[in-house]
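J.: Just a sequence and a predicted model for now, questions to come.
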Amino acid sequence: MSDIDDDSEIYFSVKFLGRIQVVRPGGMQILTDAVQALQDPNTEMDEKMKKTKVHLFLTRSAIDILEHKTKFMLYSCALPSVSFCAVHPTRPKILGFVARHPAADMYHCYIFQSKKFSHLLVSIIGDTFRAYKQDESLQGDRDMIVEALRHKVMRHHTELFNLE
């Protein structure tokens, strides 16, 4: 785990096991089925990796997967597209998250292996998602407050002009 100078980003070095298309946006069964499919040599999938080391970047708005040596971005998943994240129930070093494809009506499960940080990573992804949703909710509240203040100012201006 490493902190970046900007406290809005954090990254972990993990092994990327692969990405597979899934039929539903989440659930533990989806994760376990995806992990099992990655181990099946007959399964066709989008991307099957040979335990490639990657940086899993978490920002306030996305989860980015970067190739370890070149820092080439393999995938970027906007936080609102993430629908599920968990540690495998019987293999605690395996974790994954499900995200909706940005341009198509499909979901992918991204699967990783981490010797030490799997539970921490899932917790941080969950916290980041909740913080994003809270910021989004607060932004909507701020917009409503600003609109209410504009209305109040307009009403006061109207009253002022009617007094003269």
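T.: Perfect, thanks for sending it.

J.: CA only for contacts and neighbour counts going forward, please
T.: OK.

J.: The nearest residue to His101 once chain neighbours are set aside: neighbour count?
T.: Once flanking residues are discounted, His101 sits nearest to Tyr107: 5.7 Å by Cα to Cα, 6 or more residues apart in numbering. Other residues near Tyr107 come to 21 when the count uses other Cα atoms under 10 Å.

J.: cool, and Lys15?
T.: Residues near Lys15, counting by other Cα under 10 Å: 21.

J.: Point out where this structure drops to low pLDDT.
T.: The model of the chain has pLDDT under 70 over residues 1-8, 42-50, 135-164.

J.: what ranges do the helices span in it?
T.: Counting by DSSP state H, the chain has these helices, from start to end: 28-39, 118-163.

J.: got the contact list for the residue nearest to His101?
T.: Taking Cα atoms under 8 Å, 6 or more residues apart in numbering, we find Tyr107 in contact with 21-25, 98-101.

J.: okay if I get the residues you listed as TSV plus neighbour count?
T.: TSV is the format used below for the contacts of Tyr107 (neighbours: other Cα atoms under 10 Å):
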residue	neighbour count
Gln21	19
Val22	19
Val23	11
Arg24	16
Pro25	18
Val98	27
Ala99	27
Arg100	22
His101	15
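
J.: Could you find the closest non-adjacent residue to Phe112?
T.: In space, and not counting its chain neighbours, Phe112 is closest to Phe16: 4.5 Å by Cα to Cα, 6+ apart.

J.: do the same with Ser76
T.: Asp64 (4.3 Å).

J.: how far away is the one you found from Leu38?
T.: 21 Å (Cα to Cα, to the nearest Å).

J.: okay, how far is it across stretch 57-75, tip to tip?
T.: Terminal residues of stretch 57-75 lie 10 Å apart, using Cα to Cα.

J.: separation between Ala99 and Lys115?
T.: 23 Å.

J.: Asp64 too?
T.: Counting by Cα to Cα - Asp64 and Lys115 are separated by 20 Å.

J.: who has more neighbours, the two?
T.: More crowded of Asp64 and Lys115, by other Cα under 10 Å: Asp64, with 20 against 10.
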